[in-house]
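Peer 1: Task: produce atomic coordinates for the following.
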Amino acid sequence: MALASSIGERVASLRARVDRVAAAAGRPTGAVAILGVTKTQPREAVLAAIAAGLCDLGENYVQEAREKYVDLPAVTKHFIGHVQANKAKPIAALFDVVQSVDRLEAGLALAKAARSLERELRVLVQVNVSPTERYGVAPGEAGHLAAQLRDAGLTVDGVMAIGPLEGDVDRAFATARDAFDAVGGATLSLGMSADWERAVAQGSTMIRIGTAIFGPRPAAERIPA
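Peer 2: Sure, this is the predicted structure:
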């Protein structure tokens, strides 16, 4: 009960803050969705977040999703980790949206898997706007990749990017927004616990929040295959 109560309070507080920041940027209430990042969190925390009103949840690893995303209430499940082509089928089976497509090989594998499962799969193009980020297509190539993914039968709904840990964050986010304009769609997934306010000011329509909702991750973070 204490876990559910604390998560509920954090979600309500965050929702109010997001709406205030959006309003300050001239955007309407509800313009920015909150995705709860459940990495390393137990299933009970996932259920508490849903009970608190979260409609979007995200996981980095297939194995973790298998353990805690089965038989959930009606929510949208997002894969936000690096897409390995050999894991395309379980990703397509478990998730509704894949936010991290950064190369054609991964997109083709997901499209094939979705067809075999007779599922519609929405994807975002992951754009690299940080010099320290390993993954993501170059911003100038995002529109071309999006066109190739659409030709493969995928529904491309926008862009995801991870902001830099230091340096010109606002410029990086503006670059992601420009890539979003080139890609099209409805979702600009931009901003995490440390930088979401600046992302909202740059037009983000979805922020990915873990710590600010669930608290610090366990000290010994488990990373399954």
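Peer 1: pLDDT score for residue 217?
Peer 2: At residue 217, the predicted lDDT confidence score is 73.
Peer 1: what do you get for residue 222?
Peer 2: Note for residue 222: predicted pLDDT of 47.
Peer 1: and what of residue 181?
Peer 2: Reported pLDDT at residue 181 in the predicted model: 98.
Peer 1: tally of neighbours for it?
Peer 2: By the criterion of other Cβ atoms under 10 Å, residue 181 has 13 neighbours. Where you see a C-beta, it was placed from the backbone N, CA and C, and this is true even at glycine.
Peer 1: so it, which of the three states?
Peer 2: helix (DSSP: H, G, I helix; E, B strand; the rest coil).
Peer 1: Give me the residue ranges of this protein where confidence is low.
Peer 2: Counting by pLDDT under 70, the chain has low-confidence residues at 1, 218-225.
Peer 1: All the helices of it, in order from the start?
Peer 2: 2-24, 43-51, 62-68, 88-94, 104-117, 142-151, 169-183, 196-201, 211-214 (DSSP state H).
Peer 1: Could you dump the ones you listed into TSV with distance to residue 126 added?
Peer 2: Conversion of these to TSV gives the following (distance: least, Cβ to Cβ, whole Å):
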stretch	distance to residue 126
helix 2-24	22
helix 43-51	23
helix 62-68	17
helix 88-94	14
helix 104-117	10
helix 142-151	9
helix 169-183	10
helix 196-201	15
helix 211-214	21
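Peer 1: and residue 159, which of these is closest to it?
Peer 2: When the helices of the chain are compared for distance to residue 159 using Cβ to Cβ, the nearest one is helix 169-183, at 4.2 Å.
Peer 1: Just name whatever secondary elements that closest one is in contact with.
Peer 2: Contacts defined by 3 or more Cβ pairs under 8 Å, 6 or more residues apart in numbering; DSSP states H and E place helix 169-183 against strand 122-127, helix 142-151, strand 155-161, strand 187-190, helix 196-201.
Peer 1: Give me the contact list for the second one.
Peer 2: Meaning helix 142-151. With Cβ atoms under 8 Å, 6 or more residues apart in numbering as the test, helix 142-151 has contacts from 101-104, 107, 111, 123, 125, 127, 137, 156, 159, 179, 182-184.
Peer 1: Filter the residues you listed down to the buried ones.
Peer 2: When the contacts of helix 142-151 are checked for burial by 16 or more other Cβ atoms under 10 Å, the buried set is 101-103, 107, 111, 123, 125, 127, 137, 156, 159, 179, 182-183.
Peer 1: Tell me the one among the residues you listed nearest to residue 33.
Peer 2: residue 159 (14.4 Å).
Peer 1: pretty sure the closest one is in contact with residue 186, am I right?
Peer 2: No: applying Cβ atoms under 8 Å as the test, residue 159 and residue 186 come out as separate, 10.6 Å apart.
Peer 1: anything in contact with each of the two?
Peer 2: Contacts common to residue 159 and residue 186, judged by Cβ under 8 Å, 6+ apart, are absent.
Peer 1: mind listing what's buried in stretch 91-108?
Peer 2: 91-93, 95-103, 106-108.
Peer 1: check contacts around residue 174.
Peer 2: With contact set as Cβ under 8 Å, 6+ apart, residue 174 has these partners: residue 202.
Peer 1: neighbours of residue 175, just the number please.
Peer 2: What residue 175 shows, counting by other Cβ under 10 Å, is a neighbour count of 20.
Peer 1: quick one: residue 44 and residue 149, what's the gap?
Peer 2: 36 Å (Cβ to Cβ, to the nearest Å).
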